[in-house]
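>>> sequence first, then the predicted structure:
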Amino acid sequence: MGGNPRVFDLSHVALHTTRNDCWLVINGQVIDVTKFLEEHPGGEEVLLEASGKDATKEFEAIGHSKAAYGLLLEYQVGVMRGFKHANAATAEDDTEEGTKARACVMTGSAIKDDKKTRCLGAIEFVLPLVVASFAFWYHYSSAGLTGMTQ
Ligand code: HEM
């Protein structure tokens, strides 16, 4: 799909319900799974049953892997009219590039959060050690000084 996604109505998607022409809708993405029917690990029957309609619930109920979500992009032919993505402003943002960009943002923040947590962990561990060593040093050096002056 290019920068301008094709926009479909459900009535249009409903015209593609055969083995030779099989579309379905998942999360506002219009997916043409015709070429994927034979490859689908869950079998072609479930795809045919879900064809021509919004199959988001069925798709998500299976707990498909990230790879399966990635495949959606590969077979996407357009978006549903008026569909608002959970984390996108408009359906127009739901281009392949847009979705990939969002995926990057999501991965990016996940990694960032992870780093932050690791960094915090290190600080939480090192800081008490530094404070304790300082306290020791202060105690003994001032004791030494006191000893010297007496
Ligand atoms: C609503 C329609 C769908 C239903 C009901 C469905 C059902 C299933 C089921 C039952 C399995 C498990 C097979 C097993 O473990 O033996 C499966 C696996 C899989 N499906 Fe679907 N599926 C649907 C749509 C799709 C679509 C549209 C794609 C991608 C374009 C897809 C990609 C996959 C992949 C890659 C697997 C392998 C396991 C995984 O990576 O999650 N499925 N599906």
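Structure received.

>>> on the pLDDT front, check the closest residue to the ligand within the chain for me.
Here the chain gets closest to the ligand at one residue, G42, 2.5 Å apart by C-beta to the nearest ligand atom. Placement of C-beta: from N, CA and C, glycine included. You'll see G42 listed with a pLDDT of 97.

>>> my guess is it contacts F59. True?
No: at 9.9 Å, G42 and F59 do not qualify as touching, with contact defined as C-beta atoms under 8 Å.

>>> looking at these two, which is more packed in?
Neighbours per residue (other C-beta atoms under 10 Å) separate G42 from F59, with F59 holding more: 22 against 12.

>>> how about that one, nearest residue that isn't a chain neighbour?
Leaving aside its sequence neighbours, F59 sits nearest to I26 (C-beta to C-beta, 6 or more residues apart in numbering; 4.8 Å).

>>> could I get the contacting residues of the one you found?
54-56, 59, 72 (C-beta atoms under 8 Å, 6 or more residues apart in numbering).

>>> for it, name its beta-bridge partners.
Assessed by DSSP bridges, I26 has beta-bridge partners Q29.

>>> mind starting the numbering at 663 from now?
Yes, from this point I'll number from 663; that puts the last item at I688.

>>> from S727, how far out is it?
Distance from I688 to S727, counting by C-beta to C-beta, to the nearest Å: 14 Å.

>>> residue boundaries of the strands in the chain?
669-670, 679-680, 683-688, 691-694, 738-742 (DSSP state E).

>>> just put the ones you listed in JSON lines and tack on distance to the ligand and mean pLDDT.
Below are the strands of the chain laid out as JSON lines (distance: least, C-beta to the nearest ligand atom, whole Å; pLDDT from 0 to 100):
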{"stretch": "strand 669-670", "distance to the ligand": "16", "mean pLDDT": "97"}
{"stretch": "strand 679-680", "distance to the ligand": "13", "mean pLDDT": "98"}
{"stretch": "strand 683-688", "distance to the ligand": "6", "mean pLDDT": "98"}
{"stretch": "strand 691-694", "distance to the ligand": "5", "mean pLDDT": "98"}
{"stretch": "strand 738-742", "distance to the ligand": "9", "mean pLDDT": "97"}
